[in-house]
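1. Would you be able to build a 3D model of this:
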Amino acid sequence: MAVSLDMKHTTFLTLSFIIVFAASINQTMSRKVPALSLSERHEQWMAQYGRVYETSEEKALRSKIFSDNVEFIKKFNEAGNRPYKLGINAFADQTNEEFKAARNGLKLPGEFIGTFSFRYENVSVVPSSVDWRKKGAVTPVKDQGECGSCWAFSAIAATEGINKISTGKLVSLSEQEIVNCDVTSKDQGCGGGYMEDAFEFIVENKGIASESTYPYTATDGTCNKTDEASHAAKISGYEKVPPNSEAALAKAVANQPVSVSIDASGLEFQFYMNGVFTSDCGTDLDHGVTAVGYGNATDGTKYWLVKNSWGTSWGMEGYIMMQKDINAKQGICGIAMDSSYPIA
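-> Here you go, the predicted model:
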């Protein structure tokens, strides 16, 4: 059947429209969406984390700090010369000095003099990898807030681990009890303290309350004697890992989560996001965390799996992989210098 000229004309117009429309869509899609300005990114970040400033001057100051930190993160990631990345987290409007003052509360005692009792000394073979989370011995990541109580969180995480191993029950235990009630030593709650002092407190108190019984407030407070007497777990003592030996630390971590001291003072540590941390950090120990495993990355790099207490916006949902078995006896960021673990 012959096709009329009108039908041919209509078909031609339809095809022409489709071609023009498709070209328009392609041009639209190819246009880059304008990037947000740093001030707009700060507003977006404020909304994400519920941050509100009391004055316009404070907001201007925080916006400048935020912009500086974002630029630092951008330049670091663009350099691409490290196996880890940095990211914008909940602490992006704080200077490194402010951040350290609020979060890094480890207070080391004087030099230890004496002998070490190390029950894992004669362990000859350890697994190639360990992850105590997979064995149900690690509670969800917690957030110490603007309180220098990292030492309490480190000690409690290790205690939660050994309690699970010895009793079969994983119970979230109370950091707040340590902060409020461990006041007879040099520990000062949010002002800082030491993991081994926390272990000593739990021993002398004949136990520690659960998180639900004595919840965390991120502030110093008066010891609640009633809640303090409610025990959800106990330990009989603690031991130190021989210092400056990653091999000794591996023996301990292969058997239970271990409290470790690290130097977490760098800006790269503040904004760590993922990957194996290989920073040239120092050994001025200022932060208490918990080693809950170790393993090998896909590229073969060995790492320590470390649980932090800065919430899940930091790092890998609150964890960091720190390079293991480096060419320095102290370990990366001094991780092998000062470690201890509770005994059931």
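
2. just for this structure, where's the confidence low?
-> 1-34, 110-115 (pLDDT under 70).

3. could you pull out the strands for it?
-> Along the chain, counting by DSSP state E, strands occupy 84-86, 130-131, 237-241, 258-262, 272-277, 287-296, 302-307, 319-323, 339-343.

4. Now do the third one: which elements does it pack against?
-> Packed against strand 237-241, as judged by 3 or more C-beta pairs under 8 Å, 6 or more residues apart in numbering; DSSP states H and E, are the following elements: helix 195-205, helix 246-253, strand 339-343. Yep, even glycine has a C-beta here, placed from its N, CA and C like the rest.

5. closest one to residue 236 among those?
-> Nearest of these to residue 236, taken as C-beta to C-beta: strand 339-343 at 5.2 Å.

6. ok, the closest residue in space to residue 329 that isn't next to it in sequence - contacts?
-> The spatial neighbour of residue 329 that comes closest, neighbours along the chain excluded (C-beta to C-beta, 6 or more residues apart in numbering), is residue 244 at 4.2 Å. Applying C-beta atoms under 8 Å, 6 or more residues apart in numbering, we find residue 244 in contact with 329-331, 336-337.

7. again, but for residue 41
-> Each residue near residue 41 by C-beta under 8 Å, 6+ apart is listed here: 66, 70.

8. make it 7 Å
-> Residue 41 makes contact with residue 70 under the criterion C-beta atoms under 7 Å, 6 or more residues apart in numbering.

9. Please report how far it lies from residue 211.
-> 35 Å (C-beta to C-beta, to the nearest Å).

10. which residues touch the residue nearest to residue 166 when sequence neighbours are not counted?
-> The shortest distance from residue 166 to any residue other than its chain neighbours is 3.7 Å, reached at residue 344 (C-beta to C-beta, 6+ apart). Counting by C-beta under 7 Å, 6+ apart, residue 344 touches 162, 166, 235-236.

11. Domain-wise, how is this structure divided?
-> 40-81, 99-343 (automatic domain parsing).

12. Between the contacts of residue 244, which sits nearest residue 46?
-> Of those, the one sitting nearest to residue 46 (C-beta to C-beta) turns out to be residue 331, at 37.6 Å.

13. Quick check, that closest one in contact with residue 247.
-> No - between residue 331 and residue 247 there is no contact under C-beta atoms under 7 Å: 10.4 Å.

14. ok, these two, which is more surrounded?
-> Neighbours were counted for residue 331 and for residue 247 using other C-beta atoms under 10 Å; residue 331 has more, 24 against 11.

15. ok, now how distant is that one from residue 266?
-> 15 Å.

16. try residue 185
-> Residue 185 is 29 Å from residue 266, by C-beta to C-beta.

17. Give me the neighbour count for the closest residue to residue 241 other than its chain neighbours.
-> Closest residue in space to residue 241, ignoring its immediate chain neighbours: residue 339 at 3.9 Å, by C-beta to C-beta, 6+ apart. Residue 339 is flanked by 26 other residues according to other C-beta under 10 Å.

18. Is residue 339 bridged to anything, and to what?
-> Applying DSSP bridges to residue 339 gives these bridge partners: residue 241, residue 260.

19. wait, it sits on residue 260?
-> Yes - the criterion here is C-beta under 7 Å, and residue 339 meets it with residue 260 at 4.6 Å.

20. Do a quick rundown of the helices in the stretch 51-200 of the chain.
-> With helices called from DSSP state H, counting those that start in this stretch, the stretch 51-200 of the chain shows them at 56-79, 96-103, 150-167, 175-181, 195-205.

21. which one of those lies closest to residue 231?
-> Nearest to residue 231, of all the helices of the stretch 51-200 of the chain, is helix 195-205, at 8.0 Å by C-beta to C-beta.

22. Contacts made by the closest one with the rest, please.
-> Contacts for helix 195-205 (C-beta under 7 Å, 6+ apart): 151-152, 154-155, 159, 178, 182, 185-187, 208, 228, 234-238, 259, 288, 340, 342.

23. Spatially, what comes nearest to residue 106 if we skip its sequence neighbours?
-> Closest to residue 106 by C-beta to C-beta, 6+ apart is residue 288, at 4.8 Å.

24. Identify the residues contacting that neighbour.
-> Residue 288 neighbours (C-beta under 7 Å, 6+ apart): 106, 150-151, 154, 195, 259, 261.

25. any idea how far residue 318 is from residue 312?
-> 5 Å.

26. Now the common contact residues for the two.
-> Common neighbours of residue 312 and residue 318 (C-beta under 7 Å, 6+ apart) are residue 141.

27. Quick check: the residue nearest to residue 241 vs residue 61, distance?
-> 39 Å.

28. and what of residue 69?
-> 13 Å.

29. next one: residue 279
-> Counting by C-beta to C-beta, the gap from residue 279 to residue 61 is 27 Å.

30. of the two, who's got more company?
-> Neighbour count, other C-beta under 10 Å: between residue 279 and residue 61, residue 279 has more, with 17 against 14.

31. can you tell which of the helices and strands packed on strand 237-241 is closest to residue 322?
-> helix 246-253 (10.8 Å).

32. May I see the buried residues of that closest one?
-> If you call a residue buried by 16 or more other C-beta atoms under 10 Å, then helix 246-253 has these buried ones: 246, 248-253.

33. start to end distance for stretch 92-107?
-> 25 Å (C-alpha to C-alpha, to the nearest Å).
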